[in-house]
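Visitor: okay, here's the prediction I keep looking at, along with the sequence it came from:
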Amino acid sequence: MSSVPDWKTVNFGEIAEQIVDRIDNPEDTDLVDYIGLEHIDSGNLKIPTYGKATDVVSSKFVCRKGDIIFSRRRAYLRKLAISDRGALVSTDAMVIRPKAGFLKQFLVLVMQTDKFWNEVISRSAGSLSPRIKWRDLSRIHVSLPPTEVQEKISRIIFCVQDNLEKTENLVKVAEKLKKGLLEELLTKGIGHREFKKTEMGEIPEDWSIVSLGEICEERKDRAYPPYEKQKYVSLEQMHSADLIQNVFAESQSVQSVTNKFLAGDLLYGKLRPNLDKAAIAHFDGICTTEILVINSKPSTSNNYLLLHFKSKPFVEYNSNGAYGTKMPRTSFGILSKHKIPIGSVEEQNRILAVVNSLNTFESNCRKQIEELANLNKKLTNLFLSGELLIPKEDMS
């Protein structure tokens, strides 16, 4: 029994049902979309991408718009989403609907709580790929408040989730704007009216075409084991989206020769250049020799170089010029021949100021996303456990 007055304890199967509409031959349906576990992101109720039903060859479930898609495999990944369309569904997932008289919004909230997931994990069977059966899922105990409380809790939490989604969309818009704007700024500058034709197309009249080797150089300072406690960066600590390198490991266990770098140096991962791992170091340290340490000459700055390292032409140039098939690599010798248009240091700084303002906006949005996600999780657990109650005067 629930310890909260007016709340009742029921089995999950009393408020929800598994839908087992099955298509044995996917060619026998007009549905065009497919939902596999790979299309569901942990912690995201929306399905970002769908597969094609025409690519499916085996028996699948069928869902309707609004159905809950629940991964019955590897529950610790917390894969749960709501389909916004009818689709074929992997048999590694369950299609779940609320029973008549129960709120779908509240059912989804129940399934997002830590308590629910912990129960699912504990009831899953198998070692390599644990799965849960509907029989066991349906027996999980759920605490239900009165309907009007369910509605109020759902409104509050889905309001937070709505703001979370809107902020995530803002980040996508900022990323798209920055990508397009960056290409324009790096070739056209700001406010130019006079242009000249070059081998790279039209550029501002007072700009020039240079190779990267003319404006930057490789730092070749080496360090050798055994190492005292130092900050160490491997390719695993570098991430494609990062502009600043703040992540590091400790060096005591490193047994190989490394490159030295200083705060402010530009670090560039030469392995698989299509991954575009480039960032400005915010500390002194050492790194794997798979990372190039690069510094600008007086005609530019590392921060401005980073803009070009993140540009589409640079990534494509290094990817096409990389050597090796299974583990393609570039080198400073290769990237130093890449040509770019460049203006004065003053104009470079103006371009940096525009891009930095977009980066700051994007960073603030990502911070807000993290805070909203934490708030959403905390409120869901508190409200649905009865630890946080809604005052009766707020029920209207």
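Guide: Perfect, I can see it now.
Visitor: measure residue 328 to residue 236 for me?
Guide: Distance of residue 328 to residue 236, computed by C-beta to C-beta, to the nearest Å: 18 Å. Where you see a C-beta, it was placed from the backbone N, CA and C, and this is true even at glycine.
Visitor: tell me which of the two has more neighbours.
Guide: Set side by side, residue 328 and residue 236 show more neighbours around residue 328, with 17 against 9, by other C-beta atoms under 10 Å.
Visitor: not counting sequence-adjacent ones, nearest residue to the more buried one?
Guide: residue 322 (3.7 Å; C-beta to C-beta, 6 or more residues apart in numbering).
Visitor: my read is that that neighbour contacts residue 333, right?
Guide: No: shown here, residue 322 and residue 333 do not form a contact pair, counting by C-beta atoms under 8 Å, at 12.0 Å.
Visitor: which one of the two is surrounded by more residues?
Guide: More neighbours surround residue 322 than the other of residue 322 and residue 333, with 19 against 10 (other C-beta under 10 Å).
Visitor: would you list the phi and psi of the more buried one?
Guide: Backbone torsions of residue 322, given as degrees, to the nearest 10, read phi -70, psi 150.
Visitor: on that earlier part again, separation between the residue nearest to residue 328 and residue 338?
Guide: 13 Å.
Visitor: what's near enough to touch residue 204?
Guide: When contacts are counted by C-beta atoms under 8 Å, 6 or more residues apart in numbering, residue 204 touches 188, 189, 192, 194, 195, 196, 341, 343.
Visitor: using a markdown table, lay out these together with secondary structure, pLDDT and distance to residue 376.
Guide: Shown next, in a markdown table, are the contacts of residue 204 (DSSP: H, G, I helix; E, B strand; the rest coil; pLDDT from 0 to 100; distance: C-beta to C-beta, whole Å):
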| residue | secondary structure | pLDDT | distance to residue 376 |
| --- | --- | --- | --- |
| 188 | helix | 92 | 42 |
| 189 | coil | 92 | 43 |
| 192 | coil | 84 | 46 |
| 194 | coil | 93 | 52 |
| 195 | strand | 95 | 50 |
| 196 | strand | 94 | 54 |
| 341 | strand | 96 | 45 |
| 343 | coil | 95 | 45 |
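Visitor: in PyMOL, how would I select just the buried ones from the residues you listed?
Guide: Remark: buried members of the contacts of residue 204, expressed as a PyMOL selection using 16 or more other C-beta atoms under 10 Å:
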select buried, resi 188+189+341+343
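Visitor: show me which pair in the contacts of residue 204 is furthest apart.
Guide: Maximum pairwise distance among those (C-beta to C-beta): 14.1 Å, between 194 and 341.
Visitor: let me know the pLDDT of the residue nearest to residue 328.
Guide: Per-residue confidence (pLDDT) for residue 322: 93.
Visitor: okay, it and residue 244: tell me how far apart.
Guide: 25 Å.
Visitor: quick check: domain ranges of this protein?
Guide: Annotated domains of the chain cover 8-144, 208-342 [automatic domain parsing].
Visitor: on that earlier part again, just send the contacts of residue 204 back as CSV, with distance to residue 89 too.
Guide: Formatted as CSV, those follow (distance: C-beta to C-beta, whole Å):
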residue, distance to residue 89
188, 48
189, 51
192, 54
194, 59
195, 54
196, 58
341, 50
343, 54
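Visitor: name the nearest of the contacts of residue 204 relative to residue 256.
Guide: So of these, ranked by how close each gets to residue 256 (C-beta to C-beta), first place is residue 341, at 38.5 Å.
Visitor: please name the nearest non-neighbouring residue to the closest one.
Guide: That would be residue 203: by C-beta to C-beta, 6+ apart, it lies 4.2 Å from residue 341.
Visitor: the one you found: what secondary structure?
Guide: strand (DSSP: H, G, I helix; E, B strand; the rest coil).
Visitor: tally up the residues packed near it, please.
Guide: Neighbour number of residue 203 under other C-beta under 10 Å is 23.
Visitor: go ahead and confirm it touches residue 196.
Guide: Yes: if you go by C-beta under 8 Å, residue 203 and residue 196 touch, sitting 6.5 Å apart.
Visitor: lovely, talk soon.
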